[in-house]
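> Got a predicted structure plus its sequence, pasted below:
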Number of protein chains: 2
Amino acid sequence: MTQLTDTNRQIVLAKRPVGAPNADTLRLDTSDVPVAGAGEMLLRIEYLSLDPYMRGRMNDSKSYADPVAIGSPMVGGTVARVVTSDVKGFAVGDWVLSFSGWQDYAVSDGVGVTNMGTDPAHPSWALGIMGMPGFTAYCGLLLIGEPKAGETVVTAAATGPVGATVGQIAKIKGCRAVGIAGGAEKCAHAVNELGFDACIDRNAPDFDAQLKAACPDGIDVYFENVGGAVFAAVLPLLNPFARVPLCGLVSQYNATSLPEGPDRSGAILGAFLVKKVKVEGFIVWDSFPSQYPEFAKEMTGWIETGKIKYREQVIEGLEYAPDAFNGLLEGRNFGKVVVKVSNS
Amino acid sequence: MTQLTDTNRQIVLAKRPVGAPNADTLRLDTSDVPVAGAGEMLLRIEYLSLDPYMRGRMNDSKSYADPVAIGSPMVGGTVARVVTSDVKGFAVGDWVLSFSGWQDYAVSDGVGVTNMGTDPAHPSWALGIMGMPGFTAYCGLLLIGEPKAGETVVTAAATGPVGATVGQIAKIKGCRAVGIAGGAEKCAHAVNELGFDACIDRNAPDFDAQLKAACPDGIDVYFENVGGAVFAAVLPLLNPFARVPLCGLVSQYNATSLPEGPDRSGAILGAFLVKKVKVEGFIVWDSFPSQYPEFAKEMTGWIETGKIKYREQVIEGLEYAPDAFNGLLEGRNFGKVVVKVSNS
């Protein structure tokens, strides 16, 4: 079923998952298209962003944002078009960046919605390289990581929208960029297309040794977005005064209990102490609320001059979003995953 | 046996300890007083500082400094007097701050030695409030912790030379200062003498609940110098954007293996992420090499105006240093521990 004009499809949270989301987790509901009232506009969602943080919103615990209520549509960043408008500054046909979630239509009063104009070159990029993932890479690397030319920057999920951007900015800044990714195809892409100096397959049996060999001068900045075994391999390679921007821990999002022991937490803190490491967690919109214009200007320049390349994986059809989301958590995506809500 | 003029007592590392140091770990050796040659001076050690970091130097692993060699004197900060001098800028009778270790006499070429003049008011304070511990408290709290008036600052080892200084500077900066210490006597001292708003006994059966009650607005800065159970209790109370200067983990220095599971390391990183916490390990002389003059000026002013109080525990006699050091690791000290090398 594709996007219609008289029906609103919503993918709602049916049941909180224990571990990985499954067929019971999400449900496709249909209802009438909502009607915008005075001071409101009706948005038709064109693109939905899929991002790992959404897994946290499925849990019944306050994370950095409230959980999604059972029966409510899953939240998410979206690019939409204005269908009707009684909101100043928004006209019928405008493209907008909104946070309208997993559905076809949404009513908005314009708060938190950015007008992208009538003819943006790459509308969906506002969900990726020009949006949260790109902005996360930029702020985390430059403002927390503070890389200096000649240093070694390591990032996991190197072909994902955050990691790919981290590596390419690291190269722009004169660093050695080492990626970690799942599988030979992604590693080849990171090196051949994105310009990483090396990329290590995290599934390789000798992963630790390969990572060490790829970082002959140690690691100065580790951009952390996965956690788990990758972090364990990185830790002994960190140099004195290393910086670890921490924006995600996707490897543990589906975990249902703490891993078996021994408890390595004290040893990890000990390594931070002895090596004088800085670790800083951040949520980009909270942590860097005023940096967006500077980012947008610089990133636009890098894209226009070919210094930053960007890869999108477009899933056609809202109904395929749940499967695509599970693939994202398992690392089966390749590049930034967006759902083109209509599959027609 | 006390300090003589023809004999040099040295406490040397006899055997690397497994767990807590014991009677086999250190040994008192005697030899002739060394003779200073051309361009050298002979120092007689007056005060030896005892500090938790010394436990790390007993291990055969490179920490932030090289291990002490078997048969060599234990390292340590010292206040000494010049006995003979062929070093420019140092005259017989001068008091100096040096790193001469656990012994009566040492020869020095003057490198790394600070002249304190002929009549310092409190010579041993150069090992405490005016030295490494005071400087550690100052830099860690102000330059990493960045406390703002009205915020809550928590420090463990609240009557130790670092923690006591952290709490008092926090009060000067208009913060709520909450200490953690071992036993009612120390807690009373922290509140009544040092001016902490509250101090919780870490041995109390309801320690976690007491700490929570003492921090009704959560914790904005946690000055970490102990690790272990205290850190576990602090973690859920950290506020968004909390800062954790990390200068020690004394609770785990004697550990011989990793604690039993589950492995909490991922959960701890997850908390750092969700709460956007900054954790930064530091070794004060490495991390803040140029801040000492500013610290010395400000701290002197605070001491002279009574805003900072300082408590020393003086152990008389080098031969008692090993016992006193074990007491320090177990939290049996009360205030900054210095050894007056001569017990006469």
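Structure received.

> quick one: residue A:323 is in a helix?
Yes: under DSSP: H, G, I helix; E, B strand; the rest coil, residue A:323 sits within a helix.

> Read off the pLDDT value for it.
According to the prediction, residue A:323 has pLDDT 95.

> Counting neighbours, what do you get for it?
14 (other Cβ atoms under 10 Å in any protein chain shown). (Each C-beta comes from the backbone N, C-alpha and C, glycine too.)

> For the residue in chain A positioned nearest to chain B, give me its contacts.
With Cβ to the nearest Cβ as the measure, residue A:261 is the residue of chain A nearest to chain B, at 1.6 Å. By Cβ atoms under 8 Å, 6 or more residues apart in numbering or on different chains, residue A:261 lies in contact with B:258, B:259, B:260, B:261, B:262, B:263.

> May I see the ChimeraX selection of the buried members of the residues you listed?
The buried residues among the contacts of residue A:261 can be selected in ChimeraX (16 or more other Cβ atoms under 10 Å in any protein chain shown) with this line:
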select /B:259,263
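
> Farthest-apart pair in the contacts of residue A:261, please.
Farthest pair in the contacts of residue A:261 (Cβ to Cβ) is B:258 and B:262. Separation: 11.9 Å.

> any common contacting residues for these two?
What both residue B:258 and residue B:262 touch, as defined by Cβ under 8 Å, 6+ apart, is the set A:261, A:263.

> wait, is residue A:230 part of a helix?
Yes: applying three-state DSSP, one finds residue A:230 inside a helix.

> Got phi/psi on the closest residue to it other than its chain neighbours?
Nearest residue to residue A:230 in three dimensions, chain neighbours excluded: residue A:156, at 4.9 Å (Cβ to Cβ, 6 or more residues apart in numbering or on different chains). Residue A:156 adopts backbone torsions of phi -90, psi 180, taken as degrees, to the nearest 10.

> residue ranges for the strands of the stretch 151-300 of chain A, please.
For the stretch 151-300 of chain A, the strands defined by DSSP state E, counting those that start in this stretch occupy A:152-155, A:176-181, A:198-201, A:219-223, A:238-246, A:278-281.

> and among those, the most buried is which?
strand A:152-155 (a mean of 30; mean count of other Cβ atoms under 10 Å in any protein chain shown).

> roughly how far is that one from the heart of the chain?
18 Å (Cα atoms, centre = their mean, to the nearest Å).

> Could you list every helix and strand in contact with that strand?
In this structure, strand A:152-155 makes packing contacts with helix A:161-172, strand A:176-181, strand A:219-223, judged by 3 or more Cβ pairs under 8 Å, 6 or more residues apart in numbering or on different chains; DSSP states H and E.

> How far off centre is the shortest one?
Between the mean C-alpha location of strand A:219-223 and the chain-wide mean there is a distance of 19 Å, by Cα atoms, centre = their mean.

> circling back to that earlier point, just send the contacts of residue A:261 back as a markdown table, with pLDDT too.
Output for the contacts of residue A:261, formatted as a markdown table (pLDDT from 0 to 100):
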| residue | pLDDT |
| --- | --- |
| B:258 | 76 |
| B:259 | 77 |
| B:260 | 79 |
| B:261 | 76 |
| B:262 | 80 |
| B:263 | 81 |
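
> how about the nearest residue to residue A:291 once chain neighbours are set aside, what does it touch?
Distance criterion Cβ to Cβ, 6+ apart; nearest residue to residue A:291, sequence neighbours excluded, is residue A:139 at 5.8 Å. By Cβ under 8 Å, 6+ apart, the contact list for residue A:139 reads A:282, A:284, A:287, A:288, A:291, A:295.

> Among those, name the ones in helices.
A:284, A:287, A:295 (DSSP state H).

> Now the first one: closest residue in space that isn't a chain neighbour?
Spelled out, that is residue A:284. residue A:136 (4.4 Å).

> Would you confirm that that neighbour contacts residue A:246?
No: contact criterion Cβ atoms under 8 Å: residue A:136 and residue A:246 do not qualify, at 11.0 Å.

> what do those two both touch?
What both residue A:136 and residue A:246 touch, as defined by Cβ under 8 Å, 6+ apart, is the set residue A:282.

> what is the residue nearest to residue A:119 when sequence neighbours are not counted paired to in the beta sheet?
Nearest residue to residue A:119, sequence neighbours excluded (Cβ to Cβ, 6+ apart): residue A:95, at 7.8 Å. Beta-bridge partners for residue A:95, by DSSP bridges, are residue A:81, residue A:117.

> Name the spans of the stretch 101-250 of chain A whose pLDDT lies under the cut-off.
A:250 (pLDDT under 70).

> let's go with 90 and repeat that
A:112, A:121, A:225-232, A:247-250 (pLDDT under 90).

> how about stretch A:4-22: buried residues?
A:8, A:9, A:10, A:11, A:12, A:13, A:17, A:21.

> The fourth one: what's it in contact with?
Which is residue A:11. Contacts of residue A:11 (Cβ under 8 Å, 6+ apart): A:26, A:27, A:28, A:29, A:73, A:74, A:102, A:103, A:318, A:321, A:322.

> With the third one instead?
By Cβ under 8 Å, 6+ apart, residue A:10 lies in contact with A:28, A:29, A:30, A:31, A:73, A:101, A:102, A:103, A:104.

> Of the ones in helices among the contacts of residue A:139, which is the nearest to residue A:331?
Distances from residue A:331 to these, taken by Cβ to Cβ, are shortest for residue A:284, at 21.6 Å.

> pLDDT value on the closest one, please?
Reading off the model, residue A:284 has pLDDT 91.

> burial count for it?
23.

> Make a markdown table out of the strands of the stretch 151-300 of chain A and add distance to residue A:88.
What follows is those, written out as a markdown table (distance: least, Cβ to Cβ, whole Å):
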| stretch | distance to residue A:88 |
| --- | --- |
| strand A:152-155 | 42 |
| strand A:176-181 | 45 |
| strand A:198-201 | 48 |
| strand A:219-223 | 40 |
| strand A:238-246 | 38 |
| strand A:278-281 | 38 |
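
> And stretch A:314-327, what's buried?
Buried residues in stretch A:314-327 (16+ other Cβ under 10 Å): A:315, A:317, A:318, A:319, A:321, A:322, A:324, A:325, A:326, A:327.

> State the pair within the buried residues of stretch A:4-22 that is farthest apart.
The widest separation within the buried residues of stretch A:4-22 (Cβ to Cβ) is 24.3 Å, between A:8 and A:17.

> Can you report how many residues lie near the spatially closest residue to residue A:164 that is not a sequence neighbour?
Counting by Cβ to Cβ, 6+ apart, residue A:194 is the residue found nearest to residue A:164 once chain neighbours are left out, at 5.5 Å. The local packing of residue A:194 (other Cβ under 10 Å) involves 22 other residues.

> Pretty sure residue A:194 sits against residue A:309.
Yes: using Cβ under 8 Å, residue A:194 is in contact with residue A:309, at 6.2 Å.
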